[in-house]
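Colleague: Next one to model:
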Amino acid sequence: MATSKDLVNWKRYPKNPLIVDGYDARDPFVLRADGKWYLYYTATSAPAGGNYVVFRVESDDLVHWSGKIAVFTDKTKGTFAGPTESPYVVRRGSKKYLFIGPRGGYDGTDVFVSDALNHWDEANLVGHIPAHAAEVVRDTDGKWYISRAGWGRGGVYLAPLQWHDGLDNAEASLKPAR
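Modeller: Numbers count the residues shown, from 1 in each chain. Predicted coordinates for the structure are as follows:
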């Protein structure tokens, strides 16, 4: 963790790292929901390796994290990298979407839907996006976009994201940018 008052000068937190887990814990994503902060990250089920997993921990202050649970477990096993990288969560109405990859190749992100923020299952696959390390953004008009980046890809790209869930007017975890 690092903090900044001006987004230019940063100070590392003296008790880093905040979380050590699995063989290769990384790619944190933070979501505010239900009065808590939730941090999702990729790791393996055990320090020596194991199933590729997305874990979630929670916090009241963004510094102290606890309550680790596995929210998605892939059937494949290994150590470095794996198909649960770059977890990204979006809530639209009562539905929660988990974006992870690479799946189906380096430039592949799968999208899973759930009714809860603490569990997604492979059976609930609802989409595939040809993008590596995909993240979701909204512009000032409320339009949705998906990003694409990665090694040797020459930058970060955005493409329109169209939802087919009937929840276009529902409250979402991502508000339109200001």
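
Colleague: okay, CA-based contacts and neighbour counts for the rest of this
Modeller: Fine.

Colleague: For the protein, just list every one of the strands.
Modeller: Residue ranges of the strands in the chain, as given by DSSP state E, are 2-3, 11-12, 26-33, 36-44, 50-59, 66-78, 85-92, 95-101, 109-114, 125-129, 136-138, 144-148, 157-160.

Colleague: Low-confidence stretches in the protein?
Modeller: Along the chain, the model assigns pLDDT under 70 to residues 178.

Colleague: Now with 50, please.
Modeller: The model of the chain has no residue with pLDDT under 50.

Colleague: burial of the nearest residue to residue 136 once chain neighbours are set aside, as a residue count?
Modeller: Closest residue to residue 136 in three dimensions, ignoring its sequence neighbours and counting by C-alpha to C-alpha, 6 or more residues apart in numbering: residue 146, at 4.7 Å. Using other C-alpha atoms under 10 Å, residue 146 is surrounded by 18 other residues.

Colleague: For residue 146, name its beta-bridge partners.
Modeller: When assigned by DSSP bridges, residue 146 has beta-bridge partners residue 136, residue 159.

Colleague: and stretch 135-142, how far from the chain's centre?
Modeller: Stretch 135-142 sits 16 Å away from the centroid of its parent chain (C-alpha atoms, centre = their mean, to the nearest Å).
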